[in-house]
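**Student:** Give me a model of this one.
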Amino acid sequence: MINHPAGPPARPRVDLDDGTPPRPGHGLAPLPTRRRSRLRSRPRLARLTVLTAAFVCAACGLVYELELVALGDYLLGDTVTQTSVVLSVMVFAMGLGSLLAKRLTRRPATAFALVECALALVGGLSVLTLYSCWAWLGRYQAAMVALTCLIGILIGAEIPLLMTLIQRIRREDAGRAVADLFAADYVGALIGGLAFPFLILPALGPGDGALLTGAVNAVAGSALVLWLFREEPAPRIRRLLWAGCLLVLALLAAAAAGSDAIEDAARHALYGDQVRYATRGRHQEIVLTGPAEGPLRLYLDGRLTVCGPDRYLADEGLVHPAMAAGPDSRVLLLGGGDGLALREVLRHRGVRSVRLVDADPDLPRIARTDPALSALAGHSLDDPRVRTTAADPMVWLRGADAPGGDGPYDVVLADLPAPADGGPVKFHSQEFYGLAARLLAPGGRIAVRAGADPDGLWQIESGLRTTGLRTAPYAVPGNPATGCRPGPPDAAQNYLLAAATGPALALAPDAPPPRALTVDTLRTSAARLGALRPARPPAALTLLGPR
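**Tutor:** Numbering: from 1, shown residues only. Coordinates of the predicted model:
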C-alpha cells in the first residue's frame, strides 16, 4: 500500500514574472523587481495597453492585406485572382510566423518591438515597392508573393508574443487571455477593413495609405510595448530599439515626401516622357500622354484605350450599325467617359437625348478640360443633349426603370471592355444584359464590344440571347498603318448587335459616312463570323458561375 501525503497534490510552480529563471530555452527571461512591482500595481492599465496594441496592429495588418489586393486589381485586373493569391499566401505565412515566434517568447517585448518595426517598414513601403517592380522590372507577381509572405510571417508572430506579454502582466487562465486577445484582434481587423475603402483609399490612395498605416503600426506596436516593458531589455538594447523605431518613422516620412517623384518616374518609364496628366481615381489610374496638339494616348489602369490615329475604328464599329437599325432619338451609353463613342452618337441628326453612365467621374472631367482629348472627342460632353451620371453601370441599371427615369431607350451602347481585354465579367453577364434589355423601347437595340477573342464572342452572344434578343455578330479590322492597338496591328475587333427581331447590319443616312465602315464590310464580316458560330453555343457568363 502506498501512502499519499495529506492534502491536495502540490502543483509545479510556474511563475511568469517573479524573476525565477525557467529551464534554459523553455521560458521567459526574468524581469527586475522594480518593473514587476510596477506591472502588478496597475495590471489593468498595463493589460489594456497590450490589448490596445493588439487592436491597432490587427487593423494595420488587414489594411496591408487590402492594399495589396487593391493594387493588384489596379495594375493587373482580375480581382478574384489577386484576392485569392494574397489571402492564401497571407494565411499560410501567418501560420509559419506563429511557429517561428515560439523561439522569440523568452524576451517577448524586445522581440515584439523588432517584429513591429520590421512590419511597419515592409508593410508601409509595400505599395511603392510593388508599383516600382511593375513599372521597371515587370516582375509584379513574384514580388507580390514575396512581400505578402513576409508581411504574413510578421503578422503571424504577433499573437504568440502578445499572449506572452499579457501573461507577464498577470497570470490568468489561458482561455480567458486568448479570448480577450482575439477579441481585440478581430475588432481591430473590423475597424481596419472598414476604414480602408471608406477613409484611407479615397483620401490617400494605396501608396500614401500604406505609408501612414506603417507609421501608426510603428508607434502602436513598438513604442507602446517598449514603454510598458522598458525594463526587459538592457539599457543599450533599449536605446537601439528606440533608435530603430525612430529610423522606421523617418524612412516612412521620407518615402511619403518622395512618393510623388517615385510615381512620376515610374510613369515616365511606362508611358514615355510626354505624360501630360496622371491621376489615381477611386476606380482606376488615368494617364494621358502625348503633346498638347496630339496625337495623344489615354491609359486606364495601364491599358491603352485611346490612341489618336485609330480610335475612331472602335467607336464607329460600336455606334453606327446600332444607330442605323431603327429609331435613334434616345440613347443610353454605358461607359465611354472619354467622349469618343459619344462623338459618333451625336453625328446622327435624329438624336434628341443621350444618357452617359460611367463609374469614374474623373474621366469625363478630363475629357472636358484637356484640350487635345476634348478636341478628339469633338467636345461631345458639352453638348446640351447629353446628361452624364457617375455610377457603376450595373448598379445604375437596377434602378433605371424607377418612376421618373428618362427611359425607355431606342439604343443601348455598352462601351465596356470585354473580359478577354481585362473587363469585368459582370458587364457581360446574363444578369447585366437582362437589366439592359428591360430599358429597350419597342424596336430598340443593344450593341456591345466583344473583343478579339472568338470564344469570348460566343459567350457574350449566349448572354444576350438568354434575354430573348436575336443577335448579329460583326467585326471591324484594325488599321495596319498604326501601332497603337495592342496585339497584331490588323487584328479584328468583334461586336454584337442585338434586338427583338433579327437586326439588319446597315449604315444610317442621317450621319456622315464612317471612315472605316461600309455596308459591304459589315455584312461580309457577319457572314464570316456566322459560319464560325459553334453548333453548340457555350454557356453564358453569369455572376455566380463565370466560365
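
**Student:** need the longest helix for this structure.
**Tutor:** When the chain is parsed with DSSP state H, its longest helix is helix 235-271.

**Student:** Buried residues in that helix, which are they?
**Tutor:** 238, 241-242, 244-245, 248-249, 251-252, 255-256, 259, 262-263, 266-267, 271 (16 or more other CB atoms under 10 Å). Glycine gets a C-beta too; all of them are placed from N, C-alpha and C.

**Student:** can you check stretch 447-456 too?
**Tutor:** Of the residues in stretch 447-456, 447-452, 454, 456 count as buried by neighbour count, 16+ other CB under 10 Å.

**Student:** Same check on stretch 527-543?
**Tutor:** 529, 540-542.

**Student:** Leaving out the residues flanking it, which one is nearest to the residue minimising distance to the centre of the chain?
**Tutor:** The centre of the chain sits closest to residue 70, judged by CA atoms, centre = their mean, with a distance of 2.8 Å. Leaving out its chain neighbours, the residue that sits closest to residue 70 by CB to CB, 6 or more residues apart in numbering is residue 206, at 5.5 Å.

**Student:** show me what contacts the one you found?
**Tutor:** Contacts for residue 206 (CB atoms under 8 Å, 6 or more residues apart in numbering) come out as 67, 70-71, 74, 127, 280.

**Student:** Wasn't it part of a strand?
**Tutor:** No - secondary structure of residue 206, determined by DSSP: H, G, I helix; E, B strand; the rest coil: helix, with no strand assignment.

**Student:** so how far is residue 413 from it?
**Tutor:** Distance from residue 206 to residue 413, counting by CB to CB, to the nearest Å: 32 Å.

**Student:** coming back round to it: residues touching the residue nearest to the centre of the chain, list them.
**Tutor:** Counted by CB under 8 Å, 6+ apart, residue 70 has contacts 196, 201, 206.

**Student:** Please look at the second one and residue 209 and confirm they touch.
**Tutor:** Yes - here residue 201 reaches residue 209: they are 6.3 Å apart, a contact under CB atoms under 8 Å.

**Student:** And these two? Which one has more around it.
**Tutor:** Using other CB atoms under 10 Å, the more surrounded residue of residue 201 and residue 209 is residue 209, with 24 against 18.

**Student:** what's near enough to touch that one?
**Tutor:** 63, 67, 127, 196, 200-201, 203.

**Student:** Check the secondary structure at it for me.
**Tutor:** Residue 209 ends up helix, using three-state DSSP.

**Student:** What segments of the stretch 401-547 of the chain are helices?
**Tutor:** Assigned by DSSP state H, counting those that start in this stretch, the helices in the stretch 401-547 of the chain fall at 430-437, 454-465, 519-532.

**Student:** ok, now the stretch 101-250 of the chain?
**Tutor:** Under DSSP H, counting those that start in this stretch, the stretch 101-250 of the chain gives helices at 108-132, 140-156, 158-169, 174-195, 201-217, 224-228, 235-271.

**Student:** sorry, back to before: would you mind listing the buried residues in the helix or strand containing the residue nearest to the centre of the chain?
**Tutor:** Assigned by DSSP states H and E, residue 70 falls within helix 43-76. In terms of neighbour count (16+ other CB under 10 Å), helix 43-76 has its buried residues at 46-47, 49-51, 53-76.

**Student:** ok, back up a step: of all the buried residues of stretch 447-456, which two lie farthest apart?
**Tutor:** Largest separation among those by CB to CB: 447 and 454, giving 18.4 Å.

**Student:** just curious, which of the contacts of residue 206 is nearest to residue 97?
**Tutor:** residue 67 (18.7 Å).

**Student:** pretty sure that closest one contacts residue 125?
**Tutor:** No - the pair residue 67 / residue 125 is not scored as a contact, 11.0 Å apart, by CB under 8 Å.

**Student:** what residues are shared contacts of these two?
**Tutor:** With CB under 8 Å, 6+ apart, residue 67 and residue 125 have common neighbours residue 210.

**Student:** still on that earlier bit, can you tell me how far the residue nearest to residue 70 sits from residue 320?
**Tutor:** Distance from residue 206 to residue 320, by CB to CB: 40 Å.

**Student:** do residue 297 as well
**Tutor:** For residue 297 relative to residue 320 (CB to CB), the value is 24 Å.

**Student:** and those two? which has more neighbours close in?
**Tutor:** Neighbour totals were compared for residue 297 and residue 320, and residue 320 leads with 26 against 22 (other CB under 10 Å).

**Student:** List the contacts of that one.
**Tutor:** 344, 507-508, 511, 514, 517.

**Student:** quick one: which of these is nearest residue 158?
**Tutor:** residue 344 (56.5 Å).

**Student:** Looks to me like that closest one is in a helix.
**Tutor:** Yes - secondary structure assignment places residue 344 in a helix (three-state DSSP).

**Student:** Wait, it touches residue 317, no?
**Tutor:** No - using CB under 8 Å, residue 344 is not in contact with residue 317; the gap is 9.5 Å.

**Student:** can you count the residues close to residue 407?
**Tutor:** By other CB under 10 Å, 18 other residues sit near residue 407.

**Student:** Please list all residues in contact with it.
**Tutor:** Contact analysis of residue 407 by CB under 8 Å, 6+ apart lists 330, 332, 400-401, 439, 441.

**Student:** Tell me the buried residues within those residues.
**Tutor:** The neighbour count (16+ other CB under 10 Å) marks 330, 332, 400, 439, 441 as buried among the contacts of residue 407.

**Student:** Quick check: the third one vs residue 408, distance?
**Tutor:** Applying CB to CB, one obtains 10 Å for the distance of residue 400 from residue 408.

**Student:** Name the residues contacting each of the two.
**Tutor:** Common neighbours of residue 400 and residue 408 (CB under 8 Å, 6+ apart) are residue 439.

**Student:** helices and strands of the protein: which one has the lowest mean pLDDT?
**Tutor:** Least confident helix or strand of the chain, by mean pLDDT, DSSP states H and E, is helix 33-41 with a mean of 49.

**Student:** one step back: report the buried members of the contacts of residue 320.
**Tutor:** Neighbour counting by 16+ other CB under 10 Å classes 344, 507-508, 511, 514, 517 among the contacts of residue 320 as buried.

**Student:** Throw those residues into TSV and include pLDDT and distance to residue 336, thanks.
**Tutor:** Below are the buried ones among the contacts of residue 320 laid out as TSV (pLDDT from 0 to 100; distance: CB to CB, whole Å):
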residue	pLDDT	distance to residue 336
344	94	10
507	92	20
508	89	19
511	88	17
514	89	17
517	87	18
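
**Student:** okay if I get those as JSON lines plus distance to residue 219?
**Tutor:** Shown next, in JSON lines, are these (distance: CB to CB, whole Å):
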{"residue": "344", "distance to residue 219": "55"}
{"residue": "507", "distance to residue 219": "66"}
{"residue": "508", "distance to residue 219": "65"}
{"residue": "511", "distance to residue 219": "63"}
{"residue": "514", "distance to residue 219": "61"}
{"residue": "517", "distance to residue 219": "62"}
